[in-house]
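1. model this:
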Amino acid sequence: MKMAALGPGMYKIRRKEYQSGGNKAGRKNVNTIHLLTVRGVGDGLRYHIDHDPFGAHPRDMNLLDDYEIVSRYDGPPQIDHCLITLTFTDAAGDTFNFQVKSLWTLRALMESMEFLKKPFDFVVRKRK
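-> Have a look, this model is predicted:
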């Protein structure tokens, strides 16, 4: 099945240069799996790779030839071992990585560290 002729649904895709067992040192990392979501039909057809909110029509995507389809999801993907990494750099150039396993923990982290709210555009929801 060609990437430009997919029907609506969710697909697991990877780069064609994918190497089983990992990448060799000094080469760019192409050993990543991506999520392709196809929505709409005709001129309203949109391809969304990973978290792209707007998507693009397949004729407008130059990168499609670089990918191949691994599989199609028949339903929502089963998610195991979820992990969110929050990375930021301070004024001294030191990088911090916070890892959380739920949105509740991420929200609690943002609410407890005031200095993170502005750079991440975090707004506390008003409770009713």
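2. Do you have the strands of this protein handy? List them.
-> 9-15, 33-39, 46-49, 67-73, 84-89, 95-100 (DSSP state E).
3. which other residues reach the third one?
-> The set of residues external to strand 46-49 that reach it, using C-beta atoms under 8 Å, 6 or more residues apart in numbering, is 6, 13, 34-40, 54-58, 61, 63-64. To be clear about C-beta, it is placed using only N, CA and C from the backbone, and glycine gets the same treatment.
4. Grab the nearest non-local neighbour of A4.
-> Closest residue to A4 apart from its sequence neighbours, by C-beta to C-beta, 6 or more residues apart in numbering: P58 at 4.3 Å.
5. burial count for that neighbour?
-> 16 (other C-beta atoms under 10 Å).
6. Compute the distance between L109 and K101, please.
-> For L109, the distance to K101 (C-beta to C-beta, to the nearest Å) stands at 11 Å.
7. between these two, which one's more packed in?
-> A side-by-side neighbour count of L109 and K101, using other C-beta under 10 Å, places L109 first with 15 against 11.
8. residue contacts, that one?
-> Going by C-beta under 8 Å, 6+ apart, L109 touches L86, F98, V100, L116.
9. Touching, the third one and R107? I think so.
-> So that's V100. No. Contact criterion C-beta atoms under 8 Å: V100 and R107 do not qualify, at 9.3 Å.
10. check contacts around the most centrally placed residue in the chain.
-> Nearest to the geometric centre of the chain sits D50, at 3.6 Å (C-alpha atoms, centre = their mean). Shown in contact with D50 (C-beta under 8 Å, 6+ apart): H34, L35.
11. Show me this protein divided up by domain.
-> Domain segmentation of the chain under automatic domain parsing yields 3-73, 79-128.
12. longest single helix anywhere in this protein?
-> In the chain, with assignment by DSSP state H, the single longest helix is helix 103-112.
13. quick one: average confidence on it?
-> Helix 103-112 carries an average pLDDT of 90.
14. Now do that helix and strand 84-89, the angle between them.
-> 30 degrees (axes from the mean of the first three to the mean of the last three C-alpha atoms, to 10 degrees).
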